[in-house]
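**Student:** Sequence first, then the predicted structure, then my questions.
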Amino acid sequence: MSILTYGENITTSMMSTFERNPIFRSVGYFSMEIGISPHLPTYSGGLGILAGDILKSVADLGVPAVGVTLLYRKGYFRQELTEDGSQVEKPVDWEPEKLLTRLDNRVSVILEGRQIQVRAWGYMYVGHSGYPLPIYFLDTDIDENTPGDRSLTWELYGGDTRYRLCQEMILGVAGLRLLRDLGYNNIKTFHLNEGHAGFISLELTRELGYEDFDKVREEVIFTTHTPVAAGHDYFPYDLISHVVEEHNASALRRMLGGSGVSMTELGLKFSRYVNAVSKKHAEVSRKMFGTDKVDYVTNGVHSATWTCPGFARLYDKYIPAWRNDPSRLIQALQLPDEDVWKAHQAAKMRLFARVLEETGVELDPDILTIGFARRAATYKRADLLFTDVKKLLDVGAGQIQLIFAGKAHPHDLPAKDIIKRIIAISKDIGSAIPMVFMENYNMELAQVLTAGVDVWLNTPIRPREASGTSGMKCVHNGVMNFSVLDGWWIEGWIEDVTGWSIGPVPTEVDLIEYDEKQDAMDLYNKLNEKVIPTYYNKDKSKWIRMMKHTIALNASYFNTHRVVKEYCEKAYGTIFRGH
Ligand SMILES: *Cc1c(COP(=O)(O)O)cnc(C)c1O
């Protein structure tokens with residue numbers, strides 16, 4: 001479908017003109033957040049980092065795509081924790097000027113009757129074989145705009161519903177206008193990474209004279225990312241009429257009917273292909289949305305980004321070419337045990353040095369260390385491990401160490417309470433089970449954590465974890481998962497081979513509450529009967545064999561190179577250039 005020959009001989013002059021051949025790009029990837037580098041704080045968590053990982057693999061594989069997101073001059077936020085565990089949110093100061101190229105192009109979008117100017121900053125990510133992938137960060141912080149409008153692209157997931165609606169109009173409508181202005185006139189697929197970008201279909205409708213809805217559908221594909229209600233934006237028509245121009249507002253009414261705009265519905269209705277991000281999530285989404293139209297492409301992570309230096313060196317030596325063909329990690333069973341263990345211990349000591357520097361707590365590299373780090377959303381149940389503290393002490397005293405991290409959304413008070421509770425417990429039981437909560441979980445800390453612990457714990461309320469990706473980062477570093485059977489883990493789990501399950505094999509597809517006690521008891525029992533004895537067995541070879549199986553069976557599959565190939569085959573209709 002597309003032409004994939006250019007980019008073979010990249011010279012630096014290519015970079016200086018930023019983008020020479022927009023006409024060849026056939027995929028536009030739109031995401032509310034993109035985490036492409038630890039230096040660009042334009043992401044909050046899993047969704048943005050996944051977007052970044054996908055775009056990295058897109059570039060590595062030479063898929064002719066372009067990425068679009070917002071700039072977020074104030075980043076998400078930097079988390080500080082007070083003595084009693086209260087979260088304090090600080091702005092992240094960063095200078096787009098130093099990291100991105102400011103482009104001269106301007107487009108505008110009318111919001112609340114005002115014509116708002118939008119410009120963009122470019123970031124050229126260069127893939128493994130030198131293929132350049134442009135990402136555009138939209139920015140309204142320019143002199144011509146009113147102070148309020150200038151702040152529209154400052155904060156990620158900040159502000160109220162109006163602010164969010166404005167941001168999503170900027171992403172979808174101004175984003176597409178910008179691509180057109182830059183000369184991207186041959187895009188065959190607009191990929192909505194979550195519903196936030198759904199107003200692309202509105203702008204496509206406008207381009208087509210507000211008539212040809214079927215044509216719009218042919219150009220869009222939609223990935224849904226969460227079965228949790230807070231993840232699905234909804235804008236009542238009152239608000240739409242206040243913010244959006246009249247002919248656009250009426251187009252939305254005709255497109256969707258009802259009493260408002262559900263961004264998920266917009267995505268579902270106006271795309272030629274819809275996917276969820278794991279097999280289970282597809283089942284849940286089909287039921288939730290009442291349609292069979294939902295396929296799945298199980299998520300992955302960018303292998304070269306999430307493999308720690310020690311393992312990368314090992315793979316380079318024994319599994320050459322793994323970086324641009326991570327499926328080769330299937331050969332990990334051949335890695336020498338001793339080398340695997342040394343690479344792991346090196347990562348563990350690097351993490352422990354960091355823990356000591358930041359918290360003053362000295363952890364023991366010979367003690368089984370369990371990590372839990374993710375957004376502190378309540379459904380993730382970071383405190384399930386503390387359901388029965390006495391039982392935990394019976395099982396774990398002197399046997400385990402715990403490392404936690406994670407930000408709570410500034411408005412999520414229950415999540416903030418969970419952080420407080422964990423920190424309070426750490427003070428109570430710290431002498432028996434050393435425990436730290438590290439501040440400011442971000443990509444860079446995630447790299448150190450997902451490589452340096454021995455076991456990665458995940459205890460979400462089933463079936464709310466659409467996929468989860470931090471466990472996939474771990475498997476690239478031979479770190480086993482010990483998790484509730486939800487999201488990707490249902491597909492990656494082989495008991496005692498790639499890790500351990502917690503709780504029953506899932507059968508439900510509803511968002512029903514289920515027995516927390518049962519999960520907690522299973523967690524303690526497995527820890528006691530399997531995880532701890534295997535780790536401390538005199539013969540380390542069983543543990544190391546599991547590490548190698550984890551790499552071979554999980555890392556070889558749960559990577560974004562496989563994900564991007566699946567998108568090409570099932571959704572984009574493009575052939576990747578290969579390598
Ligand atoms: C990988 C990552 C996430 C997502 O982890 P989940 O397991 O999907 O919750 C969130 N935040 C950061 C900083 C990450 O690196």
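**Tutor:** Perfect, thanks for sending it.
**Student:** When you work out contacts or count neighbours from here on, use the C-alpha atoms and nothing else.
**Tutor:** Will do.
**Student:** Show me which residues of the stretch 401-550 of the chain sit near the ligand.
**Tutor:** 441-443, 446, 468-471 (CA under 6 Å from any ligand atom).
**Student:** looking at those, which has the most residues close by?
**Tutor:** Counting neighbours by other CA atoms under 10 Å, G471 comes out on top of those with 28 neighbours.
**Student:** element containing that residue?
**Tutor:** In this assignment (DSSP states H and E), G471 forms part of helix 470-475.
**Student:** Direction included, what does the helix or strand following that helix pair up with?
**Tutor:** In the C-terminal direction, the helix or strand that comes right after helix 470-475 (DSSP H and E) is strand 480-484. Here strand 480-484 is paired, per DSSP bridges, with strand 455-458 (parallel), strand 499-502 (parallel).
**Student:** how about the residues of the stretch 401-550 of the chain next to the ligand in CSV, adding pLDDT?
**Tutor:** Converted to CSV, those look like this (pLDDT from 0 to 100):
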residue, pLDDT
Y441, 98
N442, 97
M443, 97
A446, 98
G468, 96
T469, 98
S470, 98
G471, 98
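**Student:** if we can go back for a sec, kindly compare burial across the strands paired with strand 480-484 and name the winner.
**Tutor:** Each of these was scored by mean neighbour count; the highest is strand 455-458, a mean of 26, by mean count of other CA atoms under 10 Å.
**Student:** Give the rounded mean pLDDT of that strand.
**Tutor:** The average pLDDT for strand 455-458 rounds to 98.
**Student:** In PDB, could you pull the C-alpha coordinates for it?
**Tutor:** Once non-C-alpha atoms are left out, strand 455-458 reads as follows in PDB (Å, rounded to 0.1, in the frame of the first residue of the first chain):
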ATOM      1  CA  VAL A 455      10.100 -10.500  41.700                       C
ATOM      2  CA  TRP A 456       7.500  -8.100  40.400                       C
ATOM      3  CA  LEU A 457       4.200  -8.100  42.200                       C
ATOM      4  CA  ASN A 458       0.900  -7.000  40.600                       C
END
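**Student:** who touches it?
**Tutor:** Contacts to strand 455-458, defined as CA atoms under 8 Å, 6 or more residues apart in numbering, come from residues 368-372, 380, 382, 450, 471, 474, 479-484.
**Student:** how about the residues you listed, which pair is most distant?
**Tutor:** Between any two of these, the greatest separation by CA to CA is 22.5 Å, found for L368 and K380.
**Student:** Report the contact partners of Y237.
**Tutor:** Contact analysis of Y237 by CA under 8 Å, 6+ apart lists 249, 253, 259-261.
**Student:** let's see 6 Å
**Tutor:** G260 (CA atoms under 6 Å, 6 or more residues apart in numbering).
**Student:** The contacts of strand 455-458, buried ones only, as a PyMOL selection?
**Tutor:** Entered in PyMOL, the line below selects the buried ones among the contacts of strand 455-458, by 16 or more other CA atoms under 10 Å:
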select buried, resi 368+369+370+371+372+380+382+450+471+474+479+480+481+482+483+484
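**Student:** just the contacts of strand 455-458 now: which is nearest W121?
**Tutor:** Checking the contacts of strand 455-458 against W121 with CA to CA, the nearest one is T450 at 31.2 Å.
**Student:** ok, longest helix in the chain?
**Tutor:** As assigned by DSSP state H, the longest helix anywhere in the chain is helix 337-359.
**Student:** Pull out the buried positions in that helix.
**Tutor:** Using 16+ other CA under 10 Å as the test for burial, helix 337-359 gives 337, 340-341, 343-349, 351-352, 354-355.
**Student:** for stretch 535-554, same thing?
**Tutor:** Buried residues in stretch 535-554 (16+ other CA under 10 Å): 535, 543-554.
**Student:** same thing with stretch 160-170?
**Tutor:** Buried residues in stretch 160-170, counted by 16+ other CA under 10 Å: 163-170.
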